[in-house]
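> Fold the following, please.
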Amino acid sequence: MKLDVETVVPIGLIVNELLSNALKHAFPSGRAGRIDVILKEEDHSIVLCVNDNGVGWSDGDIESNQGSFGHSLIRAFEAKLNAKMEFVSDKGAKNKMTIKNYKKLN
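Reported below is the predicted structural model:
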């Protein structure tokens with residue numbers, strides 16, 4: 001998939017933030033684990049998933065991070081890309097962003 005720079009830069013920054021969070025928090029004490037990054041076009045949208053099989057988080061963790069720089073960055077790009085971000089903790093952390101506003105290169 002070839003995307004316009006106006007689309008790919010925010011996606012890259014979001015992936016960087018979510019990967020950094022997973023590396024920092026998902027695998028404490030050197031625990032082994034896996035991180036998957038998926039970007040695909042589906043139903044006239046782009047779907048970005050960054051998932052890990054780490055320790056996950058509680059609802060309190062999500063709420064306490066809402067004022068963080070990383071969370072603010074993700075929310076700003078969510079608005080710019082007319083996207084919807086979903087955070088789920090189920091056998092690790094599942095982060096899914098469905099992006100409606102994107103441009104492909106011809």
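> Spit out the contact partners of the closest residue in space to residue 56 that isn't next to it in sequence.
Distances taken as C-beta to C-beta, 6 or more residues apart in numbering place residue 89 nearest to residue 56, at 3.7 Å, with adjacent residues excluded. Glycine gets a C-beta too; all of them are placed from N, C-alpha and C. Contact analysis of residue 89 by C-beta atoms under 8 Å, 6 or more residues apart in numbering lists 56-58.
> To which secondary structure element is residue 23 assigned?
Secondary structure from DSSP states H and E places residue 23 in helix 5-25.
> which strands and helices sit next to that helix?
Helix 5-25 sits against strand 35-42, strand 45-52, helix 69-80, strand 93-99, with contacts defined as 3 or more C-beta pairs under 8 Å, 6 or more residues apart in numbering; DSSP states H and E.
> Swap in 6 Å and give it another go.
If contacts are counted by 3 or more C-beta pairs under 6 Å, 6 or more residues apart in numbering; DSSP states H and E, helix 5-25 sits against helix 69-80.
> Okay, angle between the helix it packs on and strand 93-99 too, please.
30 degrees (axes from the mean of the first three to the mean of the last three C-alpha atoms, to 10 degrees).
> which residues sit against helix 69-80?
Here helix 69-80 makes contact (C-beta atoms under 6 Å, 6 or more residues apart in numbering) with 10, 14, 17, 65, 85.
> I'd like the average pLDDT over it.
Mean per-residue pLDDT for helix 69-80: 92.
> downstream neighbour of it in the secondary structure list?
strand 83-89.
> Tell me the buried residues in that next one?
For strand 83-89, the neighbour count (16 or more other C-beta atoms under 10 Å) marks 83, 85, 87 as buried.
> My guess is residue 45 contacts residue 98. True?
Yes: Residue 45 is in contact with residue 98 according to C-beta atoms under 6 Å; the separation is 5.1 Å.
> Need the pLDDT of the closest residue to residue 3 other than its chain neighbours.
Distance criterion C-beta to C-beta, 6+ apart; nearest residue to residue 3, sequence neighbours excluded, is residue 104 at 5.9 Å. pLDDT, residue 104: 93.
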